[in-house]
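S.K.: quick one, what's the 3D model for this:
(one chain, ligands or ions: 1)
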Amino acid sequence: MADTVHAVTIIGSGPAGYTAAIYAARGNLKPVLYAGGPALDEPARVPGGQLMITTDVENYPGFPEAVTGPELMERFKAQAERFGTIIHMENVMKVDLTVRPFTLWDESGRVVKTQTVIIATGAAAKWLNVPGEAEYTNRGVSACATCDGAFFKGEDVFVVGGGDTAMEEATYLAKIVNKVIVLHRRDQFRASKIMQHRVLSNPKISVVWNTVVEEVVGDGKRMSGARVRNVKTGEVMTMHAGGLFVAIGHKPNSQLFEDWLETTDNGYIRTVPGSTRTSLDGIFACGDVQDAVYRQAVTAAGTGCMAAIEAERFLVEHGP
Ligand code: NDP
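M.R.: The predicted structure follows:
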């Protein structure tokens, strides 16, 4: 049975969700935040978003000495709680966004009524799912060049993929590392022409076509290379590099809302440009679930702030 109607319910506990909570709580909206719990299909996953699987974060402003991903998220959480955010460490299982107040069902069976919803459920990098990949994650294997590229100064690294993300990661890494080797499973890129051109004309980047990674190899402590297979000839060989950046796309965590909100072809929640408003009044989306381009903790936090301000204004205009 639902008894209270909340003003703002935030779903997600990465930088976007917690920033929205800090702003909404300081605006006296008494937000409730669903931080998520272990995923049913991925029991090892912890709440807190992608930063929970990152080691050092060196690009979040205000931390000149770097901060670990989990510590940064702990600080976000403490700040949100300090101003009175109510946090549930569980998932929202179902939503009904037909009428306001909207209805959400959580894992404990609670039925939550809320005037506005801020969706901050994030995205997850797609992984190759090959042997050695999980073992060497953060010990050579990464899905974010902007986050981890600086740890590979002077080394050779692989980038896997042929889309815009792979081109962007390769171009970014080429400024830092000794050499970038792009491994792509076909004989042409799907990336936009301009981004392809940047890669193909960069002397520090080479491309190995028609090639898939079969295994990430190393000495048990750090990765040292990858066993790759040419899909045309069947030839298998081991190539050496200190890093492997998986750039085969992200999957936004938008499944819960697909029946209710407009999404892009890739499943990202569509927001009004320059705003966090979605296709439904009173529902706002921030962070990586609506951002296929920037995907940084600081941009996620920025849109979280925007979502809280927009929810607050919506409540003033539309009343409870
Ligand atoms: P895409 O889905 O566009 O590309 C994924 C790439 O990874 C493809 O080349 C695909 O190969 C390859 N791939 C997929 N699965 C595997 C696998 N299991 N093994 C090996 N290779 C695999 O994802 P992106 O993240 O690159 O881009 C997502 C969206 O974001 C796009 O719309 C893109 O334009 C946009 N974007 C825009 C940017 C910008 O404008 N600055 C920057 C980054 C992204 P194949 O080609 O064979 O399918």
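S.K.: every contact and neighbour count from this point should use C-alpha atoms.
M.R.: Fine.
S.K.: for this structure, where's the lowest mean pLDDT among helices and strands?
M.R.: Within the chain, no helix or strand scores below strand 56-57, which has a mean of 76 by mean pLDDT, DSSP states H and E.
S.K.: what pairs with that one, parallel or antiparallel?
M.R.: strand 67-68 (antiparallel) (DSSP bridges).
S.K.: give the buried residues for the helix or strand just after the strand it pairs with.
M.R.: Counting by DSSP states H and E, the next helix or strand C-terminal to strand 67-68 is helix 69-82. By neighbour count with 16 or more other Cα atoms under 10 Å, helix 69-82 contains the buried residues 69, 70, 72, 73, 76, 77, 79, 80, 81.
S.K.: for stretch 241-257, same thing?
M.R.: Here stretch 241-257 shows 241-254, 257 as buried, counting by 16+ other Cα under 10 Å.
S.K.: in helices, which of those fall?
M.R.: The members of the buried residues of stretch 241-257 all map outside helices under DSSP state H.
S.K.: ok, which of the residues you listed also contact the ligand?
M.R.: When contact is defined as Cα under 6 Å from any ligand atom, the buried residues of stretch 241-257 meet the ligand at 248, 249, 250.
S.K.: turn the residues you listed into JSON lines, columns for distance to residue 164 and pLDDT.
M.R.: Listed next are these as JSON lines, based on distance: Cα to Cα, whole Å; pLDDT from 0 to 100:
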{"residue": "248", "distance to residue 164": "9", "pLDDT": "96"}
{"residue": "249", "distance to residue 164": "9", "pLDDT": "89"}
{"residue": "250", "distance to residue 164": "12", "pLDDT": "87"}
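S.K.: show me what from the protein comes close to the ligand.
M.R.: Applying Cα under 6 Å from any ligand atom, we find that the chain lies next to the ligand at 128, 161-166, 185-186, 189-190, 248-250, 292-293.
S.K.: which residues in the stretch 1-150 of the chain form helices?
M.R.: Secondary structure of the stretch 1-150 of the chain (DSSP state H, counting those that start in this stretch): helices at 15-26, 69-82, 145-148.
S.K.: format these as JSON lines; extra columns: mean pLDDT.
M.R.: Shown next, in JSON lines, are the helices of the stretch 1-150 of the chain (pLDDT from 0 to 100):
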{"stretch": "helix 15-26", "mean pLDDT": "98"}
{"stretch": "helix 69-82", "mean pLDDT": "94"}
{"stretch": "helix 145-148", "mean pLDDT": "87"}
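S.K.: same list, those helices, but as CSV with distance to residue 61 please.
M.R.: Listed next are the helices of the stretch 1-150 of the chain as CSV, based on distance: least, Cα to Cα, whole Å:
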stretch, distance to residue 61
helix 15-26, 13
helix 69-82, 11
helix 145-148, 13
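S.K.: before we move on, back to that, now do the least confident helix or strand of the chain: everything it contacts.
M.R.: 66, 67, 68, 69, 147 (Cα atoms under 8 Å, 6 or more residues apart in numbering).
S.K.: from those, which is closest to the ligand?
M.R.: The ligand lies nearest to residue 147 out of those, by Cα to the nearest ligand atom, at 14.7 Å.
S.K.: surely the closest one and residue 59 touch.
M.R.: Yes: with contacts counted by Cα atoms under 8 Å, residue 147 reaches residue 59, the gap being 7.1 Å.
S.K.: what's the closest of the buried residues of helix 69-82 to residue 91?
M.R.: residue 77 (16.4 Å; Cα to Cα).
S.K.: how close does residue 47 get to residue 36?
M.R.: Here residue 47 is placed at a distance of 5 Å from residue 36 (Cα to Cα, to the nearest Å).
S.K.: so residue 288: helix, strand or coil?
M.R.: Here residue 288 is helix, with the state taken from DSSP: H, G, I helix; E, B strand; the rest coil.
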